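1. need coordinates for the below:
(one chain, ligands or ions: 1)
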Amino acid sequence: MCGILGTVIHDGVNELRETLITGLKAVEYRGYDSAGVAILGPNGLFINKRAGKIAVLEDHLGGDVLSGTVGLGHTRWATHGVPSDNNSHPHQDFRERITIVHNGIIENYAELKQELMTMGVEFTTETDTEVAANLIGFYYNGDLPAAVCRAARRIDGSFSMCVMAKDQPRMLIGIRNKLPLLVGHGPGVTYLGSDVTAFLAYTREVTYLADGEIVVIDGPACRFMDWRTGEPVVKQQERVEWDIEQAQKGGFETFMMKEIHEQPAVIRQILERYLPSEDAPVYLPGLDDFAAERETRLISLVGCGTAFHACKVGKYMLEGLAGVPCRVQLAHEALYHQAPIGKHAVTVAVSQSGETADTLGAVRTQSAIGSPVIAIANVVGSSLTREADLTLYTMAGPEISVASTKAFTCQLTVLTLIALWVAEKFQRKPPEELKRLKTELLGIPAKMELILESKYTLEKLARVYRHVDHFYYLGRGISYPVAMEGALKLKEISYVHAEGYAGGEMKHGAIALIEPGFPTCLLAPRSNLVDKMVGNMEEILSRKGEVMVVTNVPQRFADYDVHVFPFPDCPQVLSPLLMSLPLQLFAYYSAKLRDRDIDQPRNLAKSVVVE
Ligand code: M6R
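-> The predicted structure follows:
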């Protein structure tokens, strides 16, 4: 959950403060409880680390030029030990010879700590990372790669680490076990980062480390090994397609607002690639071969948070359009519940980051019983894409805001395309109906643009509800998971308690909370369920609750004392793609009015890489 960064200057000495701070800011979304840097230079080792955001660290660094040959940076999401200056990374061994930054959890840290203490090692922090630093320090006798490999073999858990030694002024080691780490090859500088955005300002040439690999960067030289066996590994350098502009705010006040506005463009891009026209068949690279090799009787969708909601919407699409039975599970539940499925059940794992530990765990559980895996992922080269049998990329570009927006609608688009692909290939729907749906799908980006043009209506609605502490979101059928996603958005960025319910469930308990002023957002796309939603509305209004309706049949609600946000007409199966935008904007303005930190809400991190 932490962001890590390392740099090695090939020759001479460079100013490193700017490189480290710029890189850390780019990965701050991975955790923002504390931040720190270490720079090894001609004047020795300089370390500064502070609780709070990177801005706090920057204040402490002042305007001093910090030159060196090797640099480390870290932004933390606390696991072991409170966010404090002392617990912040980088950490050192007690002799101050080894300095490390770490992402992950060392599960056997308590026993390792005990063992090291009996040998006279002293500890000064509450972190598991200090144990790793001391273990490496204990084994270090001038051969840093050997000491790091030896220590790694004793550590249980997930980690990626960058390690430097005070007496090795050109060397930096990167090591990976289950958590991402990649090398950036820049002119005159080699970088290590927990994701590409850490050094995207400087280079797009990368090498991804796989699990069990270590990289030894020694000035301009870079060699890879298996840290369990010590065998050399030959790696391919790759060029990433993302560019630095995509990872910047581009004139918007927050990343979240930028990413909300990017949705029409990124969905157009997906459609250009996978569905160039309504007369073309859906083309999903690799899916033909994947399907030809196996008989699919069930699709098992797994994900967490927003990705889980995408899975739930996907079930309605895949069952409704393609007639394939689906089950949906939260990945952390699937991980510990062995369902009786086998090779005829295809697992579809949905994840923006491709690094969510629970989702990776669920994929491993399901592939262990023979289920083939399709990943729907955004981050190219992420762990999920390496473990899956097939990856369909969502191509949303970097999503920096912790609250997921464009990744969600891109996931929905890919799921819609899979459903259309199955329906087309196995003739589950008449060709004219499929063509009509494709035409409608191709029209979605333009309709999203219309919704974005009315965003100030949602700001006004957010003002109406600016003092409420609770919110219900109700939907039925395919709108039910959209209601859950709307509630999650409001909750995570505005800290207003919100719940997404199936409309039919109200009478079974939730309606007990309705009293004068209690607000409910109803999702009512044109469908056979609109009358049922009107029924929900009347029950709420008769108890003097407040109602806001997101609908493309606004005339149906015209005679009631409710707030209506109308969205453009579309078939019900595509309505989640449109309804998501007003819900994102409503959550956004609600958070803004409450003066919340929208891109970096409290207690959260973008990628949840620990269980
Ligand atoms: O990277 P993933 O899509 O696997 O992440 C899953 C969830 O952690 C993520 O969607 C989370 O719920 C978001 N903060 C929601 O906005």
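
2. contacting residues for the residue in the stretch 301-450 of the chain that the ligand sits nearest to?
-> Here the residue of the stretch 301-450 of the chain nearest the ligand is G305; by CB to the nearest ligand atom that distance is 1.9 Å. No exception for glycine: its C-beta is placed from N, CA and C like everyone else's. Residues in contact with G305 (CB atoms under 8 Å, 6 or more residues apart in numbering) are S404, L488, V608.

3. number of residues surrounding the second one?
-> Meaning L488. Applying other CB atoms under 10 Å, we find 23 residues neighbouring L488.

4. what of the last one?
-> Taking other CB under 10 Å as the criterion, the count of residues near V608 is 18.

5. okay if I get the contacts of G305 as CSV plus secondary structure, pLDDT and distance to G68?
-> Formatted as CSV, the contacts of G305 follow (DSSP: H, G, I helix; E, B strand; the rest coil; pLDDT from 0 to 100; distance: CB to CB, whole Å):
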residue, secondary structure, pLDDT, distance to G68
S404, coil, 97, 37
L488, helix, 98, 43
V608, coil, 83, 33
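
6. which of the helices or strands spans K489?
-> helix 479-494 (DSSP states H and E).

7. the helix or strand just after that helix pairs with which strands?
-> Sequence order places strand 497-502 as the next helix or strand after helix 479-494, per DSSP H and E. Strand 497-502 has the following strand partners under DSSP bridges: strand 470-475 (parallel).

8. kindly calculate the angle that the partner strand makes with helix 479-494.
-> On the basis of axes from the mean of the first three to the mean of the last three CA atoms, to 10 degrees, strand 470-475 is oriented at 150 degrees to helix 479-494.

9. what's strand 470-475 in contact with?
-> 465, 481-484, 486-487, 490, 496-503, 506, 510, 513, 518-523, 533, 536, 583.

10. which residues touch the most centrally placed residue in the chain?
-> Centroid-nearest residue in the chain: S353, 4.0 Å away (criterion: CA atoms, centre = their mean). By CB under 8 Å, 6+ apart, the contact set of S353 is A377, N378, V379, S382, K606, S607.

11. in JSON lines, list those along with neighbour count and secondary structure.
-> Listed next are those as JSON lines, based on neighbours: other CB atoms under 10 Å; DSSP: H, G, I helix; E, B strand; the rest coil:
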{"residue": "A377", "neighbour count": "29", "secondary structure": "strand"}
{"residue": "N378", "neighbour count": "27", "secondary structure": "coil"}
{"residue": "V379", "neighbour count": "26", "secondary structure": "coil"}
{"residue": "S382", "neighbour count": "24", "secondary structure": "coil"}
{"residue": "K606", "neighbour count": "26", "secondary structure": "coil"}
{"residue": "S607", "neighbour count": "28", "secondary structure": "coil"}
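
12. ignoring the adjacent residues along the chain, who's closest to R386?
-> Distances taken as CB to CB, 6 or more residues apart in numbering put A210 closest to R386, at 7.0 Å, once the chain neighbours are dropped.

13. make that T306, sorry
-> S404 (4.1 Å).

14. next: V233.
-> Nearest non-adjacent residue to V233 (CB to CB, 6+ apart): F224, at 4.4 Å.

15. picking up where we left off before, where does the residue nearest to the centre of the chain land in three-state SS?
-> Of the three states, S353 takes coil under DSSP: H, G, I helix; E, B strand; the rest coil.

16. for the stretch 201-350 of the chain, what lies in contact range of the ligand?
-> With CB under 6 Å from any ligand atom as the criterion, the stretch 201-350 of the chain comes near the ligand at residues C304, G305, T306, A307.

17. now these as JSON lines including secondary structure and pLDDT?
-> JSON lines is the format used below for these (DSSP: H, G, I helix; E, B strand; the rest coil; pLDDT from 0 to 100):
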{"residue": "C304", "secondary structure": "coil", "pLDDT": "97"}
{"residue": "G305", "secondary structure": "helix", "pLDDT": "97"}
{"residue": "T306", "secondary structure": "helix", "pLDDT": "98"}
{"residue": "A307", "secondary structure": "helix", "pLDDT": "98"}
